[in-house]
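Participant: next comes the sequence, and after it the predicted model I'd like to discuss.
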Protein chains: 4
Amino acid sequence: MSTEQQLDSLEQLRQRLATFAEKRDWQQFHSPKNLSMALIAEAAELVEHFQWLTEEQSWRLGSGKKTAVGLELADILIYLIRTADQLDIDLIASALEKIKVNEQRYPVDKVRGKTLRAEEYD
Amino acid sequence: MSTEQQLDSLEQLRQRLATFAEKRDWQQFHSPKNLSMALIAEAAELVEHFQWLTEEQSWRLGSGKKTAVGLELADILIYLIRTADQLDIDLIASALEKIKVNEQRYPVDKVRGKTLRAEEYD
Amino acid sequence: MSTEQQLDSLEQLRQRLATFAEKRDWQQFHSPKNLSMALIAEAAELVEHFQWLTEEQSWRLGSGKKTAVGLELADILIYLIRTADQLDIDLIASALEKIKVNEQRYPVDKVRGKTLRAEEYD
Amino acid sequence: MSTEQQLDSLEQLRQRLATFAEKRDWQQFHSPKNLSMALIAEAAELVEHFQWLTEEQSWRLGSGKKTAVGLELADILIYLIRTADQLDIDLIASALEKIKVNEQRYPVDKVRGKTLRAEEYD
């Protein structure tokens, strides 16, 4: 049994991506502003895969398309990790915090089966 | 020593978000198509924080703004995990795959300090 | 009868928006880079209106929602005109040029009733 | 002097694009929901041109890049017109309405040289 603690996957990716950028001297381009642009550009490539599909079709992708979509999701994750890293934000902690907010904002009794925004529920 | 293996953070989030949606009967709305729209809408809220800032300013956020940005990053991560889950895609595996692709596409010697797209390097 | 030629609507908007920005000393913030961010943030607000609707529902908006969507479309148009203005690009001429490209890229015989991307048609 | 009234450019484009879609039997795919996705995907291609440029560089595009950016702006305009058309929204009227709103929301005295959002001005 190893005495080393296994790093969380996100933390491993963070380190690997930081090294990737450093080796290429890309840190200079990776301002949060620029990274937010790169991130949304990747999000749009995801959207593009689905824009002419029905919702039903979007659940049943062929295997080639599914692999392509997986790589788009990867691109988004990569820029998400890089942005958080530049700003020294803990992604997991933020997500747990946000889930708590959402649990209060969308109580089960009130929103079950509905999709209005929080401010639209009276 | 525990015999249980600790779940990776992303996997923990995936399970928690699936339960969150299930309890609210929101699974019906969470087609990959719809989730890609929700994801890009959150990415845009990130962009909005930076649109009138200089790159320099985007690195030095005040603490209120930094918290707000953290919650936007969380929203993106949440929809990213949900999309991957609906399509049964392993986010971490896809990211590792994509990093490999990027390492071949952007060799250090060729791209050091430059930001052209892969197809623009001759 | 006036001897003056009536200005095209887009040109009228362009002038009015330029004055609007100038009076507020906002020209300094309106780099094409920043405007592209503002534009996509507005496009995302449009997307947000539709993300949980079915396609069918997206055609039959209530009047309040329709007005709100109209104002989002307006925001997109405003930033589109501003971006083109900063770069001295003629929007109408570019659109006509692009329509020509699309007519060649998507010949009626080949694409009738289908939505593949150009590169996916053999 | 002609008795015919010259159509506004946007109206001309609207008609031409409606015909373009009709001939290809694409009306069925052009729900407002789908068009909003196509629109934001095009907006992202604009963003991509600027993501690694400084603001300064984004004002001084080379001629090849400027043409490419013009065609991205065209794509956005095309989907904007199509979306408005599907919902029977008058783009120019909406823009004039929105400019009025902005004039009240951002009085010159209050916002001169500043870029806070309306709700951030006390």
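Facilitator: Cool, the structure landed. Because the structure is predicted, anything quoted here is derived from the model rather than measured.

Participant: what angle separates the longest helix belonging to chain A from helix B:63-86?
Facilitator: The single longest helix within chain A, with elements called by DSSP state H, is helix A:63-86. Orientation note: helix A:63-86 sits at an angle of 160 degrees relative to helix B:63-86 (axes from the mean of the first three to the mean of the last three CA atoms, to 10 degrees).

Participant: so does helix A:63-86 get close to chain C?
Facilitator: No. For helix A:63-86, no contact with chain C is found by CB under 8 Å from any CB of the partner chain; the gap never falls below 10.9 Å. Glycine gets a C-beta too; all of them are placed from N, C-alpha and C.

Participant: could you give the average pLDDT over that helix?
Facilitator: Model confidence over helix A:63-86 averages 98 on the pLDDT scale.

Participant: just list the residues touching A:Leu53, thanks.
Facilitator: When the contact criterion is CB atoms under 8 Å, 6 or more residues apart in numbering or on different chains, the partners of A:Leu53 are B:Lys33.

Participant: before we move on, the earlier item: keeping just the C-alphas, turn the helix or strand just after the longest helix of chain A into PDB.
Facilitator: Toward the C-terminal end, the helix or strand that comes next after helix A:63-86 (DSSP states H and E) is helix A:91-105. Extracted as PDB, the C-alpha positions of helix A:91-105 are listed here (Å, rounded to 0.1, in the frame of the first residue of the first chain):
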ATOM      1  CA  LEU A  91     -13.500  24.600  -8.500                       C
ATOM      2  CA  ILE A  92     -14.800  21.900  -6.300                       C
ATOM      3  CA  ALA A  93     -15.400  24.100  -3.300                       C
ATOM      4  CA  SER A  94     -17.200  26.600  -5.600                       C
ATOM      5  CA  ALA A  95     -19.400  23.900  -7.000                       C
ATOM      6  CA  LEU A  96     -20.300  22.600  -3.600                       C
ATOM      7  CA  GLU A  97     -21.100  26.200  -2.500                       C
ATOM      8  CA  LYS A  98     -23.300  26.700  -5.600                       C
ATOM      9  CA  ILE A  99     -25.200  23.500  -5.200                       C
ATOM     10  CA  LYS A 100     -26.100  24.700  -1.700                       C
ATOM     11  CA  VAL A 101     -27.400  27.900  -3.100                       C
ATOM     12  CA  ASN A 102     -29.400  26.000  -5.700                       C
ATOM     13  CA  GLU A 103     -30.900  23.800  -3.100                       C
ATOM     14  CA  GLN A 104     -32.300  26.800  -1.300                       C
ATOM     15  CA  ARG A 105     -33.300  28.600  -4.500                       C
END
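
Participant: about what we covered before: pull out the buried residues from the longest helix of chain A.
Facilitator: For helix A:63-86, the buried set under the neighbour-count rule, 16 or more other CB atoms under 10 Å in any protein chain shown, comprises A:65, A:69-86.

Participant: which residues touch the most centrally placed residue in chain A?
Facilitator: A centroid search over chain A (CA atoms, centre = their mean) returns A:Leu77, at 4.6 Å, as the residue closest to the centre. For A:Leu77, the residues meeting the contact criterion (CB under 8 Å, 6+ apart) are A:13, B:80, B:91, B:94-95.
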